[in-house]
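Fold the following.
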Amino acid sequence: MNKISVIIITKDEELNIRDCLESIKWAEEIIVVDSLSQDSTVNIAKEYTQKVFMKEWMGFAEQKKYALSLASNEWVLSIDADERVTNKLKDELLNNNLENVDGYFILRENYFLGKKVNCCGWGSDYQLRLFKKSKTSVTNRLVHEGFTVKGKTERLHNSMTHFSYRNLNDAFKKINVYSSLSAKEKSLKKKVSCISAVVHPMAAFIQYYFLRGGFRDGVHGLLISLMHAATNLLTYMKILEIQRIKVEK
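All right, here's what the predicted structure looks like:
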């Protein structure tokens, strides 16, 4: 059997963390890095592992770097609190020979408001989540951070499940957070105009609803496409705000 360390970063995830930990309780080591949760996340986590570490929030990338540094095993699986490892994936992780590759991409089956979604690019959502610690680094990004492996990578056959949003209120909260981070990151690289704040959201809707087949998933595809448009709208509005503040200073 392969010895695998699982790393998870958390912040107020009491509604998700138990199901997540249940799905990976077979792991050799479970490491939870919590960002001073105000709910029962930490207490629940301690039911499954003694390796629960508190670290003030420094950004997604920094939290994951810290979690990765704590792993004792060479093979590390990174999972989010709203993700679950299926039984088939567990068997593949534990019993397949992992020695000839340095990292693996895992397909996420994405669920939105209780429905599995295959449109909008969500049906081919491969994420680099299993890797050798010695060959891996975390990308320095404020949002959509990820892992980079120096070496050979392949895809695993089985998937994990991802329950991205419990409801629309949860979705809107995440859109606000991610758009703020994206705006901060993009504002360092380029200037935008008012026209951008109009064109980019429209282009995002067309891309996800028509080009990526959102219309095939009915109302769920429509809502997802509108969310992508809303994220773009908020991102570019916030960039304009950042630019205005810089000019006034």
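
how about the helices of this structure, start to end?
17-23, 41-46, 60-70, 87-95, 168-187, 194-206, 218-248 (DSSP state H).

right, and those - which one's nearest residue 114?
helix 218-248 (9.1 Å; CB to CB). For every residue, glycine as well, the C-beta is placed using N, CA and C.

got a list of what residue 11 touches?
34, 35, 36, 37, 41, 57 (CB atoms under 8 Å, 6 or more residues apart in numbering).

So which of those is surrounded by the most neighbours?
Tallying neighbours with other CB atoms under 10 Å puts residue 41 at the head of the contacts of residue 11, with 24 neighbours.

Now that that one has come up, it's in contact with residue 14, right?
Yes: Residue 41 is in contact with residue 14 according to CB atoms under 8 Å; the separation is 5.0 Å.

List the buried residues for the strand ranked longest in the chain?
Longest strand of the chain, by residue count under DSSP state E: strand 153-165. Neighbour-count burial for strand 153-165 flags 153, 156, 158, 159, 160, 161, 162, 163, 164, 165 (criterion: 16 or more other CB atoms under 10 Å).

give me the number of residues near residue 197?
Neighbours around residue 197, by other CB under 10 Å: 18.

Just confirm it contacts residue 238, I think it does.
No: under the criterion of CB under 8 Å, residue 197 is not in contact with residue 238, lying 9.6 Å apart.

Could you list the paired strands of the longest strand of the chain along with their orientation?
strand 83-85 (antiparallel), strand 103-112 (parallel) (DSSP bridges).

Buried deepest among those, which one?
Neighbour counts (mean count of other CB atoms under 10 Å) averaged over each of the strands paired with strand 153-165 peak at strand 83-85, with a mean of 23.

Please report how far the residue lying closest to residue 241 once chain neighbours are set aside lies from residue 125.
Computed as CB to CB, 6 or more residues apart in numbering, the closest residue to residue 241 that is not its neighbour in sequence is residue 183, at 8.0 Å. Going from residue 183 to residue 125 by CB to CB, to the nearest Å gives 24 Å.

quick one: contacts for the residue nearest the centre of the chain?
For the chain, the residue nearest the mean C-alpha position is residue 80 (6.3 Å; CA atoms, centre = their mean). Applying CB under 8 Å, 6+ apart to residue 80 gives the contacts 8, 9, 20, 162.

Residue 151 now?
Contacts of residue 151 (CB under 8 Å, 6+ apart): 101, 102, 103, 132, 135.

try it again with 10 Å
Each residue near residue 151 by CB atoms under 10 Å, 6 or more residues apart in numbering is listed here: 101, 102, 103, 131, 132, 134, 135, 136.

The residues you listed, buried ones only, as a PyMOL selection?
Selection of buried members from the contacts of residue 151 for PyMOL, criterion 16+ other CB under 10 Å:
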select buried, resi 101+102+103+131+132+135+136
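
So which of the contacts of residue 151 are in strands?
Using DSSP E, the subset of the contacts of residue 151 located in strands is 103, 131, 132, 136.

State the distance from the second one to residue 146.
Shown here: residue 131 relative to residue 146, a distance of 11 Å by CB to CB.

One more: the first one?
Taking CB to CB as the measure, residue 103 and residue 146 are separated by 11 Å.

Return every residue with contacts to both of these two.
Listed as contacting both residue 103 and residue 146 by CB under 10 Å, 6+ apart are 128, 129.

What's the end-to-end length of stretch 92-99?
This stretch, stretch 92-99, spans 13 Å end to end (CA to CA, to the nearest Å).

which residues does the closest residue to residue 141 other than its chain neighbours contact?
Spatial nearest neighbour of residue 141, excluding adjacent residues (CB to CB, 6+ apart): residue 61 at 6.0 Å. With contacts defined as CB under 10 Å, 6+ apart, residue 61 is in contact with 138, 139, 140, 141, 142, 143, 144, 145, 146.
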